[in-house]
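Got a predicted structure plus its sequence, pasted below:
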Amino acid sequence: MDTRKSYVKHIPILALLAFLILFPLISTNRYHISVMTLVGIYTIVVVGLNLLMGFAGQISLGHAGFFGIGAYCSGLLNVKLGLSPWVTAVMAIIFTAGIAYLIGIPTLRLKGHYLAMATLGFGEVIFVVLSKLDWLTGDPDGLPGIKPFSIWRMQFNSNFAIGQYCLAWGVVLIVLILSLNITSSRVGRAFRAIHGSEMAASGMGVDIAKYKVQVFVLSAVYAAVAGCLYAHFRAFIAPSTFHLQTSIRLVTMVVVGGMGNIWGAVLGSILLTWLPEWLTVVEEYDIMVYGMLLMGAMIFMPDGLVGRLPIWFRRLYQKLYLAYKRRRPDILGRSDSGS
Amino acid sequence: MAAPILEVKNLRKEFGGLVAVNDVSFQVQERQIRAIIGPNGAGKTTTYNLISKFHAPTAGQIFYKQERIDHLAPHRMAEKGIGRTFQSLQIMDNMTVLENVMVGCHCKARHGIISSAFRLPRFKREEKGILERAMEKLKFVGLESKASRPASSLSFGEQRTVEFARSLACEPDLLMLDEPASGLSIREMENMAELIYRIRDEGVTVMLIEHDMGLVMNISDMVTVLNYGQKIAEGTPHEVQSNQDVIAAYLGEELDA
């Protein structure tokens, strides 16, 4: 039983891997590959945000801020000082972690709506800093000329879509594995215990303040990793990318995908990144349809895609099975009368 | 008399102008079952919350095994060896029964976020221990067959039992139960009483807030009675039952006594 269990446990990651290998083989359109790369980048942020929201039960409406700090920090260091993107990315991640630590200690004392407001304010401050502090962040319209990641002579620029795709999803897989490991450990249980009952968690010896800050910093680090990938893939970043709308979108991905399940992050990012692409068929009504789909998602699948999909599959299977059973006596009857 | 495991000295707690606990002192001897009773609003749960540090006392001192503990953070209590359950059931209903009990083992392990993320040897060693210990506690309370069920799917009585197993998982020397029998059927209450006896026999000191007098008088060695935040009586169940102040507190005083 034990071996079977560990085998079942690896199915989702193998399925994802198969999908990732097949996708560029089936869809050779370069644009589609680059959308999938963006999905990967969002997935990294959403996994972190899911740890914060779905597991530890906290909320952040300012995660685009951390995404932006990561992107701008790495981009600026690269453009202004000419350091290698690999070096600037590490520096940006450490810097973002520091900011998250300093922000997290006071704000995570707040709960519910107050925490939402505080993180919203943080996101707004970061947006203003990125757009108004032009001596540091360059033109308010954006920062061009960011160098791509490179390994020897291989440059991961926008002409090398498949390379960016592989790099982004490689990072996603690492992030997924690390996060799955965390969630099935003492630390992951502590996160969920804080969500379930802070009083009981504290009574069992969980240092609530410490774990809240830890998960907040971890989610900010993930956002910074995604930000670095974004900046060096696009070669150009603008403050508007890191505004409130992005934060809301990230939270929507967490919720639609399914809170409290790491795989929900993958499904949520895939769906909500592709949705606007599919909605181009309804042209100018796309925002309206987008909004209505989200409302519908919340009403009909409160536990997210990851909670609903298995139920839908089971129902579909049962329906097919019943239909098959209903037809079978019919077939038997006919063959009886025939003989 | 041997040194007490828990000693509370002149404990006082004010909420705004309201004095919830007023100058309460008592000692709990090791391996005793000590009940704390009193009418609603007498300050029993507040006393518990002061001992487990959810509230900071306005005045007074708390000693556990001769060590002063009233300045420690609430999460330190578990590692010191004080476990507790809650009057309003505090089950993590986003987790399975087993995971709930595994949270109880939190203070018995050290591995952090890095060793968890990279599955370092320490993680593997400690997680194995946690799993074994949690299963052992579930067996102790007789819920091992429901280990993998979501905690929210259990009946109220079973959830109380899970909470009990969870509080045992950190191997406490002092277990503070807050109305463990409230909402239980007679059958479940008997089970709970038996569990309390069994952990007492294993050397755990038990403190118990309870409204069910039958249970209290049956199982406790000593009873402390609170009323309006003050200690009004203390003694064996028999002594307390015949105490005039206690009778007055529960039944009301005669108008011109």
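Everything's here; your move.

switch to C-alpha atoms for all contacts and neighbour counts from now on
OK.

what distance separates stretch A:201-211 from the centre of its chain?
If you compare the mean C-alpha spot of stretch A:201-211 with that of the full chain, they lie 27 Å apart, counting by Cα atoms, centre = their mean, to the nearest Å.

next one: stretch A:237-248
Computed by Cα atoms, centre = their mean, the chain-centroid distance of stretch A:237-248 equals 15 Å.

Same check on stretch A:141-157?
In terms of Cα atoms, centre = their mean, the centre of stretch A:141-157 is found 23 Å from the chain centre.

which residues sit in contact with residue 65?
Here I'm looking at chain A. A:122, A:123, A:124, A:126, A:127, A:242, A:243, A:247 (Cα atoms under 8 Å, 6 or more residues apart in numbering or on different chains).

try chain B instead
Under the contact definition (Cα under 8 Å, 6+ apart), the residues listed for residue B:65 are B:3, B:4, B:5, B:6.

Mind listing the strands the strand or helix carrying residue B:14 pairs with, and their directions?
Taking DSSP states H and E as the criterion, residue B:14 maps to strand B:6-15. Strands that pair with strand B:6-15, judged by DSSP bridges, come out as strand B:18-28 (antiparallel), strand B:59-64 (antiparallel).

what stretches of the stretch 1-150 of chain B score poorly on pLDDT?
Within the stretch 1-150 of chain B, the ranges that satisfy pLDDT under 70 run B:1.

For it, just list every one of the strands.
Using DSSP state E, counting those that start in this stretch, the strands found in the stretch 1-150 of chain B span residues B:6-15, B:18-28, B:33-37, B:59-64, B:67-68, B:82-84.

Tell me the residues of the stretch 151-257 of chain B that contact chain A?
Residues of the stretch 151-257 of chain B found near chain A, taking Cα under 8 Å from any Cα of the partner chain as the criterion, are B:167, B:170.

what about the helices in the stretch 151-257 of chain B?
Assigned helices in the stretch 151-257 of chain B, in chain order: B:156-168, B:186-201, B:213-219, B:237-241, B:244-251 (criterion: DSSP state H, counting those that start in this stretch).

what's the distance between the second one and the middle of its chain?
It refers to helix B:186-201. Offset of helix B:186-201 from its chain centre (Cα atoms, centre = their mean): 14 Å.

Any chance you could list what contacts it?
Looking at helix B:186-201 with Cα under 8 Å, 6+ apart, the contacting residues turn out to be B:31, B:32, B:33, B:141, B:157, B:161, B:180, B:181, B:206, B:215, B:219.

surely residue A:41 meets residue A:222?
No. Contact criterion Cα atoms under 8 Å: residue A:41 and residue A:222 do not qualify, at 9.7 Å.

which of those two has more neighbours?
The residue with more neighbours, out of residue A:41 and residue A:222 and counting by other Cα atoms under 10 Å in any protein chain shown, is residue A:222; that gives 28 against 25.

tell me which element that one falls in.
Per DSSP H and E: residue A:222 is located in helix A:208-234.

Equivalent analysis for residue A:77, please.
Assigned by DSSP H and E, residue A:77 belongs to helix A:63-81.

what do you get for residue A:318?
Taking DSSP H and E as the criterion, the element that holds residue A:318 is helix A:304-338.

Would you mind listing what in the stretch 151-300 of chain A touches chain B?
Within the stretch 151-300 of chain A, the residues that sit near chain B (Cα under 8 Å from any Cα) are A:177-182, A:185-187, A:189-190, A:192-193, A:195-197, A:199-208.

now do 7 Å
A:178-179, A:181-182, A:185-187, A:189-190, A:193, A:196-197, A:200, A:202-207 (Cα under 7 Å from any Cα of the partner chain).

Let me see the contact set for residue A:206.
Shown in contact with residue A:206 (Cα atoms under 7 Å, 6 or more residues apart in numbering or on different chains): A:190, B:75, B:106.

follow-up on the earlier one: for the strands paired with strand B:6-15, give me CSV that also has mean neighbour count.
CSV is the format used below for the strands paired with strand B:6-15 (neighbours: other Cα atoms under 10 Å in any protein chain shown):
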stretch, mean neighbour count
strand B:18-28, 19
strand B:59-64, 18
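
Could I get these in CSV, plus columns for distance to residue B:233?
Written out in CSV, the entries for these read as follows (distance: least, Cα to Cα, whole Å):
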stretch, distance to residue B:233
strand B:18-28, 11
strand B:59-64, 19
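
center of chain B - which residue?
Nearest to the centroid of the C-alpha atoms of chain B, with distances taken as Cα atoms, centre = their mean, sits residue B:176, at 1.7 Å.

I'd guessed that one sits against residue B:207; true?
Yes. Between residue B:176 and residue B:207 there is a contact under Cα atoms under 7 Å: 4.6 Å.

per-residue confidence for the spatially closest residue to residue B:137 that is not a sequence neighbour?
Taking Cα to Cα, 6 or more residues apart in numbering or on different chains as the measure, residue B:137 lies nearest to residue B:165, with 5.6 Å between them; neighbours along the chain are not counted. Predicted confidence (pLDDT) at residue B:165: the value is 96.

Check the burial of residue B:165 by counting its neighbours.
Using other Cα under 10 Å, residue B:165 has 29 neighbouring residues.

if I look at it, how far off is chain A?
Applying Cα to the nearest Cα, to the nearest Å, the value for residue B:165 to chain A is 12 Å.

which of the residues in the helix or strand containing residue A:174 are buried?
Under the assignment given by DSSP H and E, the secondary-structure element containing residue A:174 is helix A:161-183. By 16 or more other Cα atoms under 10 Å in any protein chain shown, the buried positions in helix A:161-183 come out as A:161-169, A:171-173, A:175-183.
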